[in-house]
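[1] Sequence first, then the predicted structure, then my questions.
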Amino acid sequence: MNPDISHREAFSAAAKNWAHFAHIHFGLMPNQTGKKTNVCQQEGEDVLMKDGFFASANQFGNWDWEQAIMAEVKNKQVLLKDYVRGFPKESDMTITSSTLKLKLPQSSKGVLLKNLYLSCDPYMRGRMSQREPYVDSFNPGSPITGYGVCKVLESGDPNFNEGDFVWGMTGWEEYTILNSTQGLFKIQHTTDIPLSYYTGILGMPGMTAYVGLYELCSPKKREYVYVSAA
């Protein structure tokens, strides 16, 4: 058996251990707190509350982004230590902090993002191996990347404005600077749809299921559909 192949149950168990890494709010700023919501798993909530980074979704709008935009802040990050063999473990990753100036480089056409929600998905296991999967491998010593929901703090792209909510590929960190907005989708946010849904049914996983069934499979009446565990 190939040790690099993650079984769904084992990956699910590992993902629960990463509750304080992904599918979380990275919060507002240190020492700000908020009420718990059902988005985070309990273990993740406890860890985040201890670190002072947990906040409920409706508090993101209360942060004074203009006051912070020129500030140099600590940027909490989740790094992959080294390529993973077998099932992923918490010890394969580490949490660290770097310093980041909340300002885009001059003439940048990218965006500065505040990451609000991060998604932990099965395909990410393949990116932890030193091989050539259908997507590039992660770089050991660098922040893990994955799909997330973010708020735009500054933009060099006229299609995105400060204050926009977006989803797409971002870093497992509090703030991310993207040099390109390719693959970034603007969210037409309404209060009756939680932003966290864009890490699931309204994001990449939901789009994958919809396109796979309706655009590729195109099932017809009386046909049988087989759904794998993938």
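    Okay, I see it.
[2] neighbouring strands for the top strand by length along the chain, and are they parallel or not?
    Using DSSP state E, we find that the single longest strand of the chain is strand 145-155. Partners of strand 145-155 in the sheet, by DSSP bridges, are strand 111-118 (antiparallel), strand 165-171 (antiparallel).
[3] Look up the residues forming beta bridges with Thr145.
    Gly171.
[4] can you pull the contacts of it?
    138, 169-172 (Cβ atoms under 8 Å, 6 or more residues apart in numbering). No exception for glycine: its C-beta is placed from N, CA and C like everyone else's.
[5] Quick check: the gap between Arg125 and Asn159.
    33 Å (Cβ to Cβ, to the nearest Å).
[6] the more surrounded of these two?
    Higher neighbour count among Arg125 and Asn159: Arg125, with 21 against 10, using other Cβ atoms under 10 Å.
[7] so that one sits in a helix?
    Yes - assigned with DSSP: H, G, I helix; E, B strand; the rest coil, Arg125 falls within a helix.
[8] State the distance from it to Tyr117.
    20 Å.
[9] re the thing from before, how about the strands paired with strand 145-155 in TSV, adding mean neighbour count, mean pLDDT and distance to Val152?
    Below are these laid out as TSV (neighbours: other Cβ atoms under 10 Å; pLDDT from 0 to 100; distance: least, Cβ to Cβ, whole Å):
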stretch	mean neighbour count	mean pLDDT	distance to Val152
strand 111-118	25	97	5
strand 165-171	21	96	6
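[10] Make CSV out of these and add distance to Ile177.
    Below are the strands paired with strand 145-155 laid out as CSV (distance: least, Cβ to Cβ, whole Å):
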stretch, distance to Ile177
strand 111-118, 5
strand 165-171, 9
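[11] For Asn161, which non-adjacent residue is spatially closest?
    Ser155 (6.1 Å; Cβ to Cβ, 6 or more residues apart in numbering).
[12] tell me the SS of Asp82?
    What three-state DSSP gives for Asp82 is coil.
[13] Could you verify my assumption that it touches Asp92?
    Yes - the pair Asp82 and Asp92 passes the contact test of Cβ atoms under 8 Å, sitting 7.2 Å apart.
[14] ok, these two, which is more surrounded?
    When Asp82 and Asp92 are compared for neighbours, Asp92 comes out ahead with 19 against 11, by other Cβ under 10 Å.
[15] For the more buried one, give its distance to Ser155.
    Look at Asp92 and Ser155: by Cβ to Cβ, they are 34 Å apart.
[16] Next: Lys101.
    As for Lys101, its distance to Ser155 is 16 Å (criterion: Cβ to Cβ).
[17] Equivalent analysis for Met93, please.
    Met93 is 30 Å from Ser155, where distance means Cβ to Cβ.
[18] Between these two, which is the more surrounded one?
    Ser155 (22 against 19).
[19] For the more buried one, which residues count as its bridge partners?
    For Ser155, the beta-bridge partners are Val111 (DSSP bridges).
[20] Thanks a lot, catch you later.
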